[in-house]
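Trainee: Build the 3D model from these lines:
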Amino acid sequence: MSHVFSSAQALLAAEGLDLGHTEWLTISQQRIDLFAEATSDHQWIHVDPVRAASGPFGACIAHGYLTQSLANLFMPQLLIIENMAMGVNYGSDRVRFPAPVKVDSRVRGSGQIIRAEPLGDAVQLTVRITVEVEGQARPGCVIDTISRYTFNPICE
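Mentor: Numbers count the residues shown, from 1 in each chain. The predicted structure follows:
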């Protein structure tokens, strides 16, 4: 269930809010291969199932940056910004990959608004996205995303 925000004031008041979880997503070999093709990262631990089976993880694993990029998929499932004039991805503060994400694992995102700051006419929002891996104690990725949102004036 997404949390909906339609004003700067609502975002600022949401600091510390737990955004819940997204639906589960299976990380298929096809998704890994497409990411390898897009980034030219064809390391065998990602794209060679035969060799990876006898490697350190026992199977192919998703690229760390593939796991990180899922934040972009999970964010709009966790929060919706209405009445927005513009929103931009400003970057991230921290990214960690505590555990590998093996092929055919199911992952989901959980989120928390860890900081909401006024920035001129905008709000700078830091959301911690944790990419949970089903059946694993440690997540595949934890990233503090930073976005900036400006809103249209509210007409009454």
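Trainee: Contact partners for G16?
Mentor: Listed by C-beta atoms under 8 Å, 6 or more residues apart in numbering, the contact set of G16 reads 112-114. In short, each C-beta sits where N, CA and C put it, glycine included.
Trainee: Among these, name the buried ones.
Mentor: Buried members of these, counted by 16 or more other C-beta atoms under 10 Å: 112-113.
Trainee: Just name the closest of the contacts of G16 to L11, please.
Mentor: For L11, the nearest member of the contacts of G16 is I113. The distance, counting by C-beta to C-beta, is 8.0 Å.
Trainee: Just to check, A36 is in contact with V47?
Mentor: Yes. A36 is in contact with V47 according to C-beta atoms under 8 Å; the separation is 5.1 Å.
Trainee: Spatially central residue in the chain, please.
Mentor: In the chain, the centroid-proximal residue (C-alpha atoms, centre = their mean) is A71; its distance is 1.3 Å.
Trainee: Against A8, how distant is that one?
Mentor: A71 sits 22 Å away from A8, going by C-beta to C-beta, to the nearest Å.
Trainee: Ok, I80 next?
Mentor: I80 sits 15 Å away from A8, going by C-beta to C-beta.
Trainee: between these two, which one's more packed in?
Mentor: With neighbours defined as other C-beta atoms under 10 Å, I80 and A8 compare such that A8 has more, 19 against 13.
Trainee: quick one: buried residues of the lengthiest helix in the chain?
Mentor: For the chain, the helix reaching the highest residue count under DSSP state H is reported as helix 64-78. Judged by neighbour count (16+ other C-beta under 10 Å), helix 64-78 contains these buried residues: 64, 66-71, 74-75, 77-78.
Trainee: ok, now stretch 15-22?
Mentor: Of the residues in stretch 15-22, those buried (16+ other C-beta under 10 Å) are 17, 19, 21-22.
Trainee: Need the residues you listed in CSV (columns: pLDDT, secondary structure and distance to P56).
Mentor: Below are the buried residues of stretch 15-22 laid out as CSV (pLDDT from 0 to 100; DSSP: H, G, I helix; E, B strand; the rest coil; distance: C-beta to C-beta, whole Å):
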residue, pLDDT, secondary structure, distance to P56
L17, 97, coil, 38
L19, 98, strand, 34
H21, 97, strand, 29
T22, 98, coil, 29
